[in-house]
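Participant: Sequence first, then the predicted structure, then my questions.
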Amino acid sequence: MGRRGRNDHPRSRDQPGGWVEIRKENAAFEEYYRAQNIVPEPEWNTFYDACRETLPVTFRITGTSHHDALQVRDTLVNEYVPFLKNITWEGEEVQPPSQLPWYPDGLAWQIKVGKTVIRKSKPFARFQRFLVVETDVGNISRQEAVSMIPPLLLDVQPDHAVIDLCAAPGSKTAQLIEAVHAVPEPTGIVVANDSDHKRSHMLIHQVKRLNSPNLVVTNHDAQLFPRIRIDDHQQDSYLRYDRVLCDVPCSGDGTMRKNINVWRDWSIHNALSLHQTQINILNRGLHLLKPGGKLVYSTCSLNPIENEAVVAHAVREWRGKVRIVDCTESLPGLVRRKGMTSWKVMGKDKQWKDDAAVDDIRASCFVHGDEAELGIENCMRIYPHDQNTGGFFITLLEKAAETAGDAAPSGTLKRKAKLEDNDDEHAESDKRAKPDESDPVATLPEEPTTSQATATAAAIDRQPLLAKKKERLPRDANEEPFKFLPPDHPAIENCWSFYSIADDFSRTSLLVRNATGEPVRTIYYVHPRLQPVIALNDTRVKFIHAGIKLFAYQKTLEGSCPWRVQSEGMTVLYRHIARKPGDSVRVVRCGLDTLRTLCDFTFPKFNELEDKEFLDQLLALTEGCVFLEVDPGTGDKPIVFPMWRGRGSVNLMLPKQDTAELLLRVFKVENVGDDGKKKTELTRLTETTDITPADTESEAPSTADQTETDLEILI
Ligand SMILES: C[S@@+](CC[C@H](N)C(=O)[O-])C[C@H]1O[C@@H](n2cnc3c(N)ncnc32)[C@H](O)[C@@H]1O
C-alpha cells in the first residue's frame with residue numbers, strides 16, 4: 001500500500017542491467033489519447049494527472065458462503081473500522097478504509113494509507129494483521145476495483161453454465177464461482193479457461209480456497225475453444241453457456257496506475273496487433289453462448305481499437321442476433337462514461353490513417369458510421385479520475401432468444417460460424433486471427449492484464465492443436481487423466497457405509513487422477529453435471545483441474561475405513577450424512593470452549609479433556625475421521641470441522657492458517673504466531689495412527705506458481 005504521487009519516479013527491475021527509473025510520462029500516449037478525445041479537452045489534465053497517481057489498494061471479501069462473507073464484513077465494520085477513524089499522521093488526517101459504493105452488500109473496500117502509517121499506527125497495524133490472516137485463508141482477496149465489474153454485470157445464477165474464456169489469474173473466475181454458490185447446493189458449473197499453461201495453474205491456486213466441485217479448468221486458445229459434448233447418445237448435444245466472460249488479452253494501458261511499465265512501453269503497436277485476436281475470442285464466445293444468454297466483453301485498455309471497434313464489428317456481424325445491453329441502471333454509484341462512437345486510427349508508423357487500404361490495418365479498426373445505430377454508446381468506459389480507479393472497458397451483450405433457423409452471424413463471420421459448427425472446427429482457424437509474432441513482449445502486471453506475449457504464445461500453442469486434431473491431446477507428465485470410479489467400487493461402498501452417507505449424494509461423479517483408474521491415494525468429487533463434461537470429452541478437451549478432494553487414503557487404518565475425509569470435501573459431504581435412527585453417524589458436537597481447546601492444543605489426550613459430554617461421544621465411535629459440529633452459541637447454524645478421533649487422543653484437522661483465522665475472528669486472539677501454529681505443550685505424537693492435518697498430499701503434484709501473489713502480500 002503506497003502513497004507515492006506522480007512526481008516520484010518509481011523503478012522497475014525488468015531490465016537486464018538492474019533497476020531503471022521510469023518516469024510516469026509518455027508523449028505518444030498523451031498525443032494519441034488527446035487526439036482521440038477520450039475525455040473533453042478541458043478535462044484532459046485532470047484525467048492525465050489521475051493516470052499518474054498511485055492506485056489505492058482495493059479488496060473483496062470473498063467466499064462461496066455468502067453468510068460467512070457477511071460475517072467477515074461485519075467483523076471488519078464493527079471491530080476494526082471504528083478504531084481507524086480520526087487518526088492523524090504528521091498533521092494530516094488519515095482516511096479510514098471505505099466501501100466501494102457500487103459493490104453489493106458492502107463487500108468491496110478501498111484503502112488509501114501509506115506503509116509508514118500502517119507500520120507505526122497501532123490501530124492500522126492491527127487492521128493489517130486482520131487483513132493478512134483473512135487473506136491467508138482466502139476470505140479476503142486483493143483485486144482492482146474495476147476488475148470486479150464484469151462478473152457483477154453477468155448476473156450469474158446458481159443453475160447457470162458459465163465459461164470464462166481468458167480466466168487467469170482468476171480474480172473474476174472467483175467471483176463467478178461465488179455467484180454460482182449463492183445457494184448451498186448449486187447445479188451450475190463454471191468452466192475457466194486460459195491458453196497460458198503456467199497462468200492456468202496460477203488460476204487453480206487462486207480459486208482452490210473456494211473448494212468448488214462445480215469448477216473445471218481447461219487450457220485452450222479461446223479463439224478455438226472446443227465444443228463440449230454432454231450426451232453420449234445424442235451426437236449433436238453440446239454444452240452451451242448461459243453466461244460467457246471474454247476478459248480478453250489487451251494492451252493493458254488502463255492499468256498505468258499500478259503497472260508503471262505502461263509509461264515506458266506504451267505504443268500503438270500493441271492495440272493494433274491484438275485487435276483480431278480480440279474479435280476472434282468475442283466471436284467464439286458468442287457461438288458458445290445460449291440463445292437468450294449474456295456475455296461480457298472487457299479489457300483493461302482505454303483504446304477504442306481494442307474496445308468499441310471490436311464490439312461494433314461483432315454486433316455488426318451478428319446483426320439482429322446480438323445486442324448491447326444498456327446497463328445505466330446497474331451498479332448504482334459506479335461512475336461510467338458512454339462508449340465512443342467515433343475515433344481515429346493510427347498506424348504502426350505513428351501516422352493517422354484514413355482508410356483500411358493502407359498499411360495492412362484491418363477494416364474493422366475503423367469507424368463505419370453505424371456505431372450509434374449499433375448501440376455502441378451502451379458500452380461502458382471507466383476512467384481513473386472519476387472514482388480513483390484504473391481505466392477499464394466493459395460491454396454487456398445479449399444473444400437473442402432462438403428463432404427459427406439458427407443464430408449464426410451474417411457476413412464474414414458466417415462462413416467461420418459454419419465451420420465452427422461442424423466437427424472440424426479446429427481445422428479451420430481464422431487465418432486473420434494470427435497475431436503478429438514479432439510483437440515485443442509487453443509487461444505482465446500483477447493483476448489481470450496480459451500482453452502480446454500471451455497472445456503470441458497462444459498463436460504458437462495453436463499449431464500442435466491443429467495438427468493433432470483427431471489424436472489424444474498431449475498432457476503434461478504431471479497432469480494425470482481424470483478417471484471416474486464405478487459407483488459400486490469397494491472403496492466407495494466402504495466410505496458410504498462408514499460415514500453413513502445418504503443415497504442422495506451422487507456416487508457417479510467420484511474420480512481419481514491416475515492412469516489405472518484405481519483409488520490409490522485420493523478420491524475426488526465433481527458435481528454430477530460435470531461428469532459427462534469430463535468423461536465424454538477427455539480426448540478433445542485439455543482439462544487441467546476438476547474436483548475437490550473428498551477422501552485420502554490412510555494406510556494404518558486398513559481393516560476399518562482407510563479413507564479419511566479431506567477438509568476441502570467437508571462441507572459437501574456433511575450435508576449428506578444420513579441421520580436416520582440407527583445410523584452410526586460420525587458426528588460429534590461441542591461448544592466454543594471445547595473448540596478453543598482443540599485450537600490451542602494438538603492431540604489432547606482423552607483424559608485431558610474437560611468436556612465429558614464431548615468425551616463420551618468420542619468414546620462411542622471407532623478410530624478415524626469425524627465431523628465436529630460446533631454450536632457457535634449465537635443461534636446461528638453450527639460450524640463444521642473435520643476432526644481425527646485417535647486411539648487415545650483427538651485432533652482438529654485444520655490447516656494452520658485456518659486455525660489462526662478462527663482464533664482471531666471467533667476468539668479475538670490477536671497474538672497468534674505468524675505461522676498460526678498450535679501450542680505444543682500437550683502434544684503427544686506417540687500414537688501411530690495420529691495424523692497431521694490432511695490437505696498436504698496431492699496425487700498429481702501441483703505446478704501452481706509459487707511466486708508471490710496478491711493473496712500472499714496484501715499491503
Ligand atoms: C486480462 S487477462 C485475464 C484476467 C482474468 N480474467 C482475471 O480476472 O484474473 C487475459 C488472459 O488471457 C489469456 N490469453 C491470452 N491469449 C489467449 C487466448 N488466445 N485464449 C485464451 N486465453 C488467452 C492470458 O494468458 C491472460 O491470462
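Facilitator: The structure has been received and is ready for your questions. Numbers count the residues shown, from 1 in each chain.

Participant: per-domain residue ranges of the protein.
Facilitator: 11-142, 145-467, 475-577, 586-693 (automatic domain parsing).

Participant: Okay, now the unreliable bits of this structure?
Facilitator: 1-20, 356-359, 403-478, 557-559, 580-584, 671-715 (pLDDT under 70).

Participant: Would you check the distance separating the lengthiest helix in it from the middle of the chain?
Facilitator: Longest helix in the chain, counting residues (DSSP state H): helix 268-288. Offset of helix 268-288 from its chain centre (Cα atoms, centre = their mean, to the nearest Å): 22 Å.

Participant: That helix - contacts with which helices or strands?
Facilitator: strand 241-247, strand 289-299, helix 308-317, helix 412-420, helix 452-467 (3 or more Cβ pairs under 8 Å, 6 or more residues apart in numbering; DSSP states H and E). C-beta: built from backbone N, CA, C; applies to glycine.

Participant: How about the helix or strand just after the shortest one and the ligand, touching?
Facilitator: Reading on from strand 241-247 to the C-terminus, the next helix or strand found by DSSP states H and E is helix 261-265. No. Residues of helix 261-265 contacting the ligand under Cβ under 6 Å from any ligand atom: none, with a closest distance of 13.9 Å.

Participant: just checking, what packs against helix 261-265?
Facilitator: Right, helix 261-265 is packed against strand 11-15 by 3+ Cβ pairs under 8 Å, 6+ apart.

Participant: circling back: highest mean neighbour count out of the domains of the chain?
Facilitator: Counting by mean count of other Cβ atoms under 10 Å, domain 145-467 has the highest mean neighbour count of the domains of the chain, with a mean of 21.

Participant: roughly how far out does it sit from the chain middle?
Facilitator: For domain 145-467, the distance to the chain centre is 16 Å (Cα atoms, centre = their mean).

Participant: likewise stretch 606-619?
Facilitator: The answer for stretch 606-619 is 42 Å, by Cα atoms, centre = their mean.

Participant: distance between the ends of that stretch?
Facilitator: Taking Cα to Cα, to the nearest Å, the first and last residues of stretch 606-619 lie 9 Å apart.

Participant: same question, stretch 218-235
Facilitator: Taking Cα to Cα as the criterion, the two ends of stretch 218-235 lie 22 Å apart.

Participant: same deal with stretch 21-37?
Facilitator: End residues of stretch 21-37 are separated by 30 Å (Cα to Cα).

Participant: Repeat that for stretch 153-173.
Facilitator: 13 Å.

Participant: does that stretch come close to the ligand?
Facilitator: Yes. Among the residues of stretch 153-173, 165-172 lie within reach of the ligand under Cβ under 6 Å from any ligand atom.

Participant: Tell me the residues of the stretch 51-200 of the chain that contact the ligand?
Facilitator: Residues of the stretch 51-200 of the chain lying near the ligand (Cβ under 6 Å from any ligand atom): 147, 165-172, 194-196, 199.

Participant: hang on, I meant the stretch 251-400 of the chain
Facilitator: Applying Cβ under 6 Å from any ligand atom, one finds that the stretch 251-400 of the chain approaches the ligand through residue 277.

Participant: got the CA positions of the helix or strand where residue 551 lies in CSV?
Facilitator: Take DSSP H and E as the rule and residue 551 turns out to sit in strand 548-553. Extracted in CSV, the C-alpha atoms of strand 548-553 (Å, rounded to 0.1, in the frame of the first residue of the first chain):
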residue,chain,number,x,y,z
ILE,A,548,-12.3,-31.3,-4.8
LYS,A,549,-10.5,-33.9,-2.6
LEU,A,550,-13.1,-35.9,-0.7
PHE,A,551,-11.2,-38.8,0.7
ALA,A,552,-7.5,-39.5,1.3
TYR,A,553,-6.1,-43.0,1.9
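
Participant: would you list the residues of the stretch 51-200 of the chain next to the ligand in a markdown table and tack on secondary structure?
Facilitator: Output for those, formatted as a markdown table (DSSP: H, G, I helix; E, B strand; the rest coil):
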| residue | secondary structure |
| --- | --- |
| 147 | helix |
| 165 | coil |
| 166 | coil |
| 167 | coil |
| 168 | coil |
| 169 | coil |
| 170 | coil |
| 171 | helix |
| 172 | helix |
| 194 | coil |
| 195 | coil |
| 196 | coil |
| 199 | helix |
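
Participant: Nearest to residue 598, out of the residues you listed: which one, please.
Facilitator: Residue 598 has its nearest neighbour among these in residue 170, at 32.5 Å by Cβ to Cβ.

Participant: Could you look up the SS state of residue 75?
Facilitator: helix.

Participant: whoops, I mixed them up, residue 564
Facilitator: Secondary structure of residue 564, reduced to three states by three-state DSSP: strand.

Participant: Can you tell me who it pairs with across the strands?
Facilitator: As for beta bridges, residue 564 partners with residue 552 under DSSP bridges.

Participant: just residue 346 next, same as before
Facilitator: The partner residues for residue 346, given DSSP bridges, come to residue 352.

Participant: That one contacts residue 352, doesn't it?
Facilitator: Yes. Applying Cβ atoms under 8 Å, one finds residue 346 in contact with residue 352, separated by 5.5 Å.

Participant: in which helix or strand would I find residue 372?
Facilitator: helix 371-374.

Participant: Partner strands of the helix or strand just after that helix and their direction?
Facilitator: Going down the chain from helix 371-374, the next helix or strand is strand 380-382, by DSSP H and E. If you go by DSSP bridges, strand 380-382 pairs up with strand 337-338 (antiparallel), strand 392-399 (antiparallel).
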